[in-house]
Every structure is written in structure tokens, then in C-alpha cells.
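Quick one, structure for this:
(one chain, ligands or ions: 1)
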Amino acid sequence: MAVAPGSSIMFMPSGGLRGTLQVPADKSVSHRAAIIAAISDSPVRINNFLRAADTSSTLRAMATCGVEIENLDDGTPIVHGAGLRGLRPPRGTIDIGNSGTSIRLLPGVFSGQSGSFTLDGDESIRLRPMDRIVFPLREMGVRIQAKEDRFAPVTVAGGRLHGIRYEMPVASAQVKSALLLAGLYADGPTEVVEPAVCRDHTEIMLAAAGARVEKEGLLTRIHPAGRLHLEEIDVIADISSAAFWLVAATIISGSELTLAGVGVNPTRTGLIDILLEMGADITLENERRQSGEPVADIRVRHAKLHGLVVGGGITGRAIDELPLLALAGAYAEGETLVTGAAELRLKESDRITGLVDNLAGIGIHIQGCEEGFLVRGIHGALGGRIRSHGDHRMAMLGAVAGLASSEGIAVDDFDCVAVSYPAFLDDLEKLGERGSW
Ligand code: S3P
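The predicted model follows:
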């Protein structure tokens, strides 16, 4: 169901959510599939590729760099890999829209090509820090420029690359991935050390493509590669999209949902672990592997929650889902405190300020602090308006808050969900509920 730009949608209190959903393909894995397929030495069929704004930006970027992309009738892309060094610089700037993952990962592969590649994006992208990739890539010998060394546009012109050991100051999978991709082109091994666990889809896919990748605790080492070879990638369903239903079903009484084939890579399941500790009723069934990634059907039933203090390493394993914990906390007994989550201020929007303003506005007792927030569970969401500020995850959180509210909630600019979950309203309708506008 397409939503017109700028539309506000009203979400009314719902009864129990019951049924089975197939949530969209994983955004992180789809980005990596498009990039790694493009530098593979063969055609790669990407099954269940996420057709959403962000991942289309990455696929389009690869096409702009001369990679042939064939689309089958059912929308499955076959990326005709141009080889490790086969990307060609386009004439103009590559526009990656709202996609932080594209603008942070692509410089890694552009480092190994001839010619110069410039990446830029929308207003939100131009506010997001790029120094986190600029400095370590420069240390590897990459010629890379950014506005004030910190902001888009970013121009990469390759260079003679050296392997480095880099201790990341922040737990960022995007930074780790950019360095591992650049490491394919270096003259020796590249080592990246994470301060806390962050998603490892790049390592899993590069290893499947034949790269030599080693893991030692929080250290990942990649060796220079001569070629990458892949034939097919099956993209798992996105736990970050499933997260909205996990919280919705947990807080709305009478709910019981099954979310089919969702990626449960332990680097991404922080939200499940936290909700379980708060008393949620979530079970993983039919656990299996898909293209090297653990997958399961997730069953979730309504449950009574209690507040929790959340901080330390787990925040990196739940980074995109932490705002949802504020909503869960509003339905829990006692207080829920999230700390050590300063990175939330640097996402598609400042997710701490936006969350606190929005949730306070719908009657939730929430206080923000520099690195997180504190919620007191009293009566959950009452009603009012959520301003998404164009942030897809804030818009979907608003929808869940509306379904769980006592009076209904309008969500502004709901069309931004197209960034990661274009079929959100269709899935809601499958459960017998709908927004109105
Ligand atoms: C992502 C990593 C995370 C996450 C983002 C997607 C990725 O960002 O917030 O939505 O695909 O690598 P950081 O790596 O900056 O923490």
C-alpha cells in the first residue's frame, strides 16, 4: 500500500494481534549482498533482496558503476559481478538518499578501484558523521575526502592500501565493514577490533565468497583477496523489522504472532534477550541456517513486563531497537533505564531527543539523558501525535504506540517507512487492523 509523501496516518487502539507474518528481507544483509555480488567474479542471484529505498540506493550505486543488474520477473536481482577491481567511476555524484549503510560501506570497495567516486545523500545523511570511516581508511592509504573531514559528500580515489590494525572507538558495524572491504585490496592483513559486539554479516558473506576472514573474540582479521566468488545469496528476514511486531504483540493483550524465517544472528538479537529478561513470552522455533546466517520462526505472545536496567555491550546488539524498549517500558511495571546508547543521537535522526519528545507527547513518563533514557511504566500510551521527522523507525514505533494506545495516535510523514519496510501497512492489514488517513 503506497503512502503519499507527507501523509499522516492514524493508528487506533487494536484488539489482540494474531496471525503469521513474513517480515521484509534484512536491510543490512541486502546492502552487503548488492556490494559483495558486484565485486564477485560471477553472476550472483540475490533471493529475497529487500526492495526498499535504502537497499535500492546501493543496488543503483552498483549499476551506476557499470555493474550489469538483471531483474527477473519476480523482482529477484541477478548482479553480474564485475570482479574485485571492475567498478567504473560514474560521471557524476552517486546519490545514496537516506542510506547510512551505503555511504559508509561503499568507500571500502571504491578504495580498490581506479578513478574517483563521490557519494552524497539527503539532508539527514549530510548531518551524519563520516569521520569514523574517513580517518581509518586514510590510515590504510586511501585517498578520501569529506566536507570538513566529517560530512558528506565523500570522495574516494583509491591508493596503495596497507593493512592496519584498527581499534574502533565506537561499536560500529558500518565502520568495521568499510575497513574489511578495503582490506580485500590491502598489501597485508587488516585487523579491526570492536569495543563491543556489532553485527557480523559482512564477515559471514565475505567468507562465503572465499575471502580469508578470521575471528578472535572482538578482533576480525581479513586477508587480501585475489577474487570473490558467489552464486546465490538467500537474504533472511529482518529482525529489526520483526522488532515492531515483537513489541506490539508483547504489549497488546490477546496477541499471538508468528514471524517467519527471521534472522537470529546473535549480533542482532539484543532486543529479544532484553524483552525476555523483562518477562516477555518469545520462543524461537524451527531454527536453521540460510546463507550462513541463523534463522528461526519467532513466536511471541502478550505478556506482563517488568522494568529493567539496560546498558553495556548489549546495546550494540539492539542498537536500532532500543527506542522500542522505551515503548515496552511504558507498559512494564517499574522503571526501564537504557544507558550507554549515545550512538542513537547519530542515526537517521537524533533518536533520543525525538523519542523523548514524541513519547512524552503521547502521555508516556520518559526522561532523556545524554546517553539514553528512563521510562516509568504507568499507563502506557494515551493518544496524540508522533512526528517521525522522516525517520522510518520512529514512524513505525508511532504506529505500534497507536495500536497499543488508549485513544489512538496520528503519525506524521508515514511514507518514510519505505526506507526499510514499504509493506508495513499491508502487514498490519493482514492482522485485521488498518491505519486511516
Ligand atoms: C548497520 C549498522 C548499524 C545500524 C544500521 C545498519 C549496518 O549502524 O544502526 O541501521 O548495516 O551495518 P552502526 O554500524 O553505525 O552502528
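
which residues touch Gly158?
Going by CB atoms under 8 Å, 6 or more residues apart in numbering, Gly158 touches Phe110, Ser111, Gly112, Gln113, Ser114, Gly115, Val142, Arg143. Where you see a C-beta, it was placed from the backbone N, CA and C, and this is true even at glycine.

and the protein, which residues reach the ligand?
Contact residues, the chain versus the ligand (CB under 6 Å from any ligand atom): Ser28, His31, Thr101, Ser172, Ala173, Gln174, Ser177, Cys198, Arg199, Ile319, Asp320, Glu343.

Surely the second one forms part of a helix?
Translated: His31. Yes: counting by DSSP: H, G, I helix; E, B strand; the rest coil, His31 is found in a helix.

What count of nearby residues applies to it?
His31 is flanked by 28 other residues according to other CB atoms under 10 Å.

With the fifth one instead?
Around Ala173 there are 25 other residues, counting by other CB under 10 Å.

Quick check: it touching His31?
No: the criterion here is CB atoms under 8 Å, and Ala173 misses it with His31 at 10.7 Å.

what's stretch 276-285 in contact with?
Residues from elsewhere that reach stretch 276-285 (CB under 8 Å, 6+ apart): 246, 250, 258, 264, 272, 275, 296-308, 328, 332, 336.

residues of that stretch that come out buried?
Buried residues in stretch 276-285, counted by 16 or more other CB atoms under 10 Å: Met278, Ala280, Asp281, Ile282.

so how far does it reach from one end to the other?
Stretch 276-285 has its terminal residues 15 Å apart, counting by CA to CA, to the nearest Å.

Stretch 65-77 too?
Distance between the two ends of stretch 65-77: 16 Å, counting by CA to CA.

just for the stretch 251-400 of the chain, where's the confidence low?
Within the stretch 251-400 of the chain, no stretch has pLDDT under 70.

need the helices for it, in chain order.
Assigned by DSSP state H, counting those that start in this stretch, the helices in the stretch 251-400 of the chain fall at 270-277, 322-330, 351-361, 392-404.

Tell me what angle the second one forms with helix 270-277.
I take that to be helix 322-330. 10 degrees (axes from the mean of the first three to the mean of the last three CA atoms, to 10 degrees).

angle of helix 322-330 against helix 392-404?
Counting by the same axes, to 10 degrees, helix 322-330 lies at 20 degrees to helix 392-404.

Does anything pack onto helix 322-330? Which helices or strands?
On a contact count with 3 or more CB pairs under 8 Å, 6 or more residues apart in numbering; DSSP states H and E, helix 322-330 meets helix 239-251, helix 270-277, strand 332-338, helix 351-361, strand 365-369, strand 372-377, helix 392-404.

Which of the helices or strands spans Leu59?
helix 53-64 (DSSP states H and E).

Just name whatever secondary elements that helix is in contact with.
Where contact means 3+ CB pairs under 8 Å, 6+ apart, helix 53-64 is packed against helix 27-38, strand 68-71, strand 77-80, strand 94-95, helix 100-110.

List the strands paired with the fourth one, with their directions.
What that stands for is strand 94-95. Using DSSP bridges, strand 94-95 pairs in its sheet with strand 117-120 (parallel).

Averaged pLDDT, the strand it pairs with. What do you get?
Average pLDDT, strand 117-120: 98.

From the chain's centroid, how far away is it?
The chain centroid and the centroid of strand 117-120 are separated by 21 Å under CA atoms, centre = their mean, to the nearest Å.

List of residues touching that strand?
Here strand 117-120 makes contact (CB under 8 Å, 6+ apart) with 61, 65, 87, 89-90, 92-96, 102-103, 106-107, 110, 126, 152-157.

Drop anything exposed from the residues you listed.
Among the contacts of strand 117-120, those buried by neighbour count (16+ other CB under 10 Å) are 61, 65, 87, 89, 93-96, 102-103, 106-107, 110, 152-157.

before we move on, back to that, of the residues of the chain next to the ligand, buried ones?
Looks like the residues of the chain next to the ligand have Ser28, His31, Thr101, Ser172, Ala173, Gln174, Ser177, Cys198, Arg199, Ile319, Asp320, Glu343 buried, using 16+ other CB under 10 Å.

And the third one, how close does it get to Asp320?
Between Thr101 and Asp320 the distance is 11 Å, computed by CB to CB, to the nearest Å.

likewise the fourth one?
According to CB to CB, Ser172 and Asp320 sit 12 Å apart.

The last one now?
Here the criterion is CB to CB. By it, Glu343 lies 10 Å from Asp320.

quick one: which of the helices and strands packed on helix 53-64 is nearest Ile239?
helix 27-38 (9.7 Å; CB to CB).

Now the element after the closest one, going C-ward?
Taking DSSP H and E, what comes next after helix 27-38 is strand 43-47.

Not counting residues beside it along the chain, what's closest to Ile96?
Nearest residue to Ile96, sequence neighbours excluded (CB to CB, 6 or more residues apart in numbering): Ser102, at 4.0 Å.

Now do the contacts for that neighbour.
Counted by CB under 8 Å, 6+ apart, Ser102 has contacts His31, Asp54, Ser57, Thr58, Ala61, Ile96, Leu119, Gly121.

so the fourth one touches Val29, yeah?
Think Thr58. No: applying CB under 8 Å as the test, Thr58 and Val29 come out as separate, 11.5 Å apart.

can you tell me which of the buried residues of stretch 276-285 are in strands?
Asp281, Ile282 (DSSP state E).

which one among the buried residues of stretch 276-285 gets closest to Arg376?
Met278 (14.2 Å).

Run a quick neighbour tally on the nearest residue to that closest one once chain neighbours are set aside.
Excluding the flanking residues, the one nearest Met278 by CB to CB, 6+ apart is Leu305, at 4.4 Å. Neighbour count of Leu305, defined by other CB under 10 Å: 23.
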